[in-house]
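1. curious how this folds, go ahead:
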Amino acid sequence: MQSAVSFALEFGFTVALTLFLGVRGGGWADTYFGFAPLFTLLGIFFALGLSGFWTYRKLRSMKL
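-> Residues are numbered from 1 along each chain as shown. Here you go, the predicted model:
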């Protein structure tokens, strides 16, 4: 039970952190280079992909 709660909290933190960094970094790049939503969208997709990859690796390492 404790490992499930730990996994859920770690998953939520990872998704939130990667999305925050993807949106902030993409917004900065949009402002710097002058492309309106391009880098923000790329940052969001990159963050979701990174979160999915982390989840896959975490689930593979857990004893089910």
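
2. tell me where the chain has helices.
-> Using DSSP state H, the helices of the chain run over residues 2-33, 38-61.

3. got these as CSV, with mean pLDDT columns?
-> Below are those laid out as CSV (pLDDT from 0 to 100):
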stretch, mean pLDDT
helix 2-33, 93
helix 38-61, 94
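
4. got the ones you listed as TSV, with mean neighbour count columns?
-> Yep, even glycine has a C-beta here, placed from its N, CA and C like the rest. Formatted as TSV, the helices of the chain follow (neighbours: other CB atoms under 10 Å):
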stretch	mean neighbour count
helix 2-33	13
helix 38-61	14
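
5. ok, Ser3 - contacts?
-> Neighbouring residues of Ser3 by CB atoms under 8 Å, 6 or more residues apart in numbering: Met62.

6. quick check: the gap between it and Leu41.
-> 35 Å (CB to CB, to the nearest Å).

7. ok, now Asp30?
-> 9 Å.

8. spit out the residues that contact the two alike.
-> Contact criterion CB under 8 Å, 6+ apart; residues shared by Asp30 and Leu41: none found.

9. which ones are touching Met62?
-> By CB under 8 Å, 6+ apart, the neighbours of Met62 are Ser3, Phe7.

10. and if you look at Ser51?
-> Phe11, Thr14, Val15, Thr18, Leu19.
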